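Participant: What follows is a predicted protein model with its sequence.
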Amino acid sequence: MTLHCTFRPTRPIICFRRVACLIHHQDPLFLDLIGTCHSDNTKPVILKPQHLTWYRTHLARGLTLYPPDILGIMLKERKLEQDRNGALMIPIEDLEDMPAPQYPYIPPMTEIFFDGTNDLAIFPPPVSIEPMEVDFGGCPGPEPPNPIPLCLMNHTKGKIKVVWTRRDDCPFWVTPDTCDVPPLKSVALRLHFQPPNPNCLYAVELEAFAAYKVCATKQVGEDGSLPSPTERGKVG
């Protein structure tokens, strides 16, 4: 069977999502989806598979919480160096002759269950949101229920851009649908629900893409100092 994947970005931003395929009697399979959306005025860096490889290596080395411009400065000041694969690392002398950490093998079932929800994560999330799950309960109408406040936290040391995706027919949406969050700060959001029909059940997973703000204006250097976007945030 041939499967078709469609990329329909709503804003100019770099996008990455790791999709799990559950199969009977064997471990899950994973598909990495990457894409870059340009507009006439905004041209983010083009995300490539090599950037995803560097990102995972930087994740194991604790470097993904630093924005690309700071990593570039640290590289020029020799506070960082490159390994043979082009990924950034702390100089060997600072590691007390220990080899630089590599991205570990993660069993597929572990990756499924430790996905960042319910406070279970393999690596600390760069972006988090509270609450993770929202229940509007019964909505007798005719007026829509009051929006529910959300808090999105940026745990990185750089400004990030957050873009929420939404289908036209989705009864749930977040406002504002795009925002900039300063480093180590939070932003208040609102989750809205407008049931189109009475006496029905509605549920959806909402998704936001978060990337360093500098990624929208700078081009990727050969030194690999520009990591892939931060992990997606979601509200169920």
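Facilitator: Arrived safely, thanks for sending. Residues are numbered from 1 along each chain as shown.

Participant: pretty sure residue 195 contacts residue 172?
Facilitator: No - with contacts counted by C-beta atoms under 8 Å, residue 195 stays clear of residue 172, the gap being 9.7 Å. Just so you know, the C-beta spots here come from the backbone N, C-alpha and C atoms, and that holds for glycine as well.

Participant: quick one: which of those two has more around it?
Facilitator: Using other C-beta atoms under 10 Å, the more surrounded residue of residue 195 and residue 172 is residue 172, with 20 against 17.

Participant: so what's the backbone phi/psi at residue 57?
Facilitator: phi -70, psi -40 (degrees, to the nearest 10).

Participant: if I pick the nearest residue to it once chain neighbours are set aside, what's in contact with it?
Facilitator: Leaving aside its chain neighbours, residue 57 sits nearest to residue 87 (4.1 Å; criterion: C-beta to C-beta, 6 or more residues apart in numbering). Taking C-beta atoms under 8 Å, 6 or more residues apart in numbering, we find residue 87 in contact with 53-54, 57-58, 61, 224.

Participant: Please apply the same query to residue 27.
Facilitator: 107-109.

Participant: before we move on, what about residue 172?
Facilitator: Neighbours of residue 172 in contact, by C-beta under 8 Å, 6+ apart: 166, 191-193, 202, 204, 206.

Participant: among these, which ones are buried?
Facilitator: 191, 193, 206 (16 or more other C-beta atoms under 10 Å).

Participant: Correct me if wrong: the last one contacts residue 171.
Facilitator: Just to be clear, that refers to residue 206. No - Residue 206 is beyond contact range of residue 171, at 11.0 Å (criterion: C-beta under 8 Å).

Participant: would residue 163 count as being in a strand?
Facilitator: Yes - with DSSP: H, G, I helix; E, B strand; the rest coil as the criterion, residue 163 is part of a strand.

Participant: Report the contact partners of it.
Facilitator: Per C-beta under 8 Å, 6+ apart, neighbours of residue 163: 10-11, 13, 177-178, 208-210.

Participant: out of the residues you listed, which are buried?
Facilitator: If we count by 16+ other C-beta under 10 Å, these have these buried: 11, 13, 208-210.

Participant: Which ones among those residues lie within helices?
Facilitator: Members of those lying in helices (criterion: DSSP state H): none.

Participant: any idea how far the closest residue to residue 102 other than its chain neighbours lies from residue 54?
Facilitator: Excluding the flanking residues, the one nearest residue 102 by C-beta to C-beta, 6+ apart is residue 60, at 5.9 Å. Per C-beta to C-beta, to the nearest Å, residue 60 is found 11 Å from residue 54.

Participant: Could you do residue 110 as well?
Facilitator: 23 Å.

Participant: swap in residue 24?
Facilitator: As defined by C-beta to C-beta, residue 24 lies at a distance of 35 Å from residue 54.

Participant: separation between residue 47 and residue 183?
Facilitator: Separation of residue 47 from residue 183 (C-beta to C-beta): 22 Å.

Participant: In terms of neighbours, single out the busier of the two.
Facilitator: residue 47 (22 against 17).

Participant: mind checking pLDDT for residue 87?
Facilitator: Residue 87 carries a pLDDT value of 93.

Participant: Name the residues of stretch 125-143 that come out as buried.
Facilitator: By 16+ other C-beta under 10 Å, the buried positions in stretch 125-143 come out as 125-129, 136, 139.

Participant: likewise stretch 77-95?
Facilitator: Buried, per 16+ other C-beta under 10 Å, within stretch 77-95: 80, 87-90.

Participant: Since that was my last question, I'll sign off now.
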